[in-house]
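K.L.:
Below: sequence and its predicted model.
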Amino acid sequence: MVLILSGPVHGGKTTFLELSLPRWAARGVRPCGFLSVPAADGQGRKCYDLLEVRTGRRLPYLRREGEPGAERAGPFSFVPGTLELARALIRGAKPDEILVVDEAGPLELRGGGLWPELRKVLADPARRSLVVVREEILEDFAAALAPAVPLVLDVRDPNAGKLMDGYLFGTVTPDADQG
């Protein structure tokens, strides 16, 4: 099962997950993967850190300036070692866990970034994965997953939390009305 949490830039997707993950873990869901959390660099500019879900470890992930040849996402450069850690977290997800990936973007649609590892995991129907995808690329990202059909939840939907919990705990089936 592939769940996609979507919404606008700065729309609360990561915050939704930060609030949900402890609740899910308390109910027996074993989350793994990572969140991309806001941070500030040495000059006070906005950037992002990777927050490892299992351990709480936080590492520099996306920075305004990067190493020569580093993969880029918009105005940010990936910190190569942390990008490799993100890939390793995806590869290391166990079948009885829910893999959380915050987020997949245009770089992945072009085959870069997390895509090679992420595509393999998302193609496995026995796995449960939750990927954050911005609304402006949602349609293209869902198409890239074919033949799999993801379940899409919009963070702005007042029922998003209840639906997500329902999918994870089996109280809502994918065939049920999402609205």
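P.N.:
Noted; the coordinates are in hand.
K.L.:
What count of nearby residues applies to the nearest residue to Lys94 once chain neighbours are set aside?
P.N.:
Distance criterion CB to CB, 6 or more residues apart in numbering; nearest residue to Lys94, sequence neighbours excluded, is Cys32 at 7.1 Å. Bear in mind the C-beta positions are built from the backbone N, C-alpha and C, glycine included. A count of nearby residues for Cys32, using other CB atoms under 10 Å, gives 19.
K.L.:
in a helix, that's where Cys32 is, yeah?
P.N.:
No - according to DSSP: H, G, I helix; E, B strand; the rest coil, the state of Cys32 is strand, so it is not within a helix.
K.L.:
Enumerate every residue touching it.
P.N.:
Applying CB atoms under 8 Å, 6 or more residues apart in numbering, we find Cys32 in contact with Val53, Arg54, Leu89, Gly92, Ala93, Lys94, Glu97, Ile98, Leu99, Val100.
K.L.:
Pro75 now?
P.N.:
Arg64.
K.L.:
And it, how far from Gly111?
P.N.:
21 Å (CB to CB, to the nearest Å).
K.L.:
Next, the residue of the chain positioned farthest from its centre: secondary structure please.
P.N.:
Distance from the C-alpha centroid of the chain, by CA atoms, centre = their mean, peaks at Gln43 (27.3 Å). Secondary structure state of Gln43, per three-state DSSP, is coil.
K.L.:
hmm, back to that, could you report the separation of the residue nearest to Lys94 from Trp24?
P.N.:
12 Å.
K.L.:
circling back to that earlier point, just the ones of the contacts of Cys32 in strands?
P.N.:
Among the contacts of Cys32, the ones falling in strands (DSSP state E) are Glu97, Ile98, Leu99, Val100.
K.L.:
which residues does the first one bridge with?
P.N.:
What that stands for is Glu97. Arg30 (DSSP bridges).
K.L.:
all helices of the chain, in order?
P.N.:
13-26, 80-91, 106-109, 115-122, 138-144, 160-169 (DSSP state H).
K.L.:
Any idea which of those helices gets closest to Val2?
P.N.:
If you check each of the helices of the chain against Val2 by CB to CB, helix 115-122 wins as the nearest, at 5.3 Å.
K.L.:
Quick check: which helices or strands does that closest one pack against?
P.N.:
helix 80-91, strand 97-104, helix 106-109, strand 128-134 (3 or more CB pairs under 8 Å, 6 or more residues apart in numbering; DSSP states H and E).
K.L.:
I would like the residues contacting the second one, please.
P.N.:
Read that as strand 97-104. 13-14, 17, 21, 24, 29-36, 53, 86, 90, 93, 113-115, 118, 121, 127-134, 141, 168.
K.L.:
Kindly report the same for the third one.
P.N.:
By CB under 8 Å, 6+ apart, the list of residues contacting helix 106-109 from outside reads Glu71, Arg72, Ala73, Gly74, Gly113, Leu114, Trp115, Leu118, Ile137, Asp140, Phe141, Ala144.
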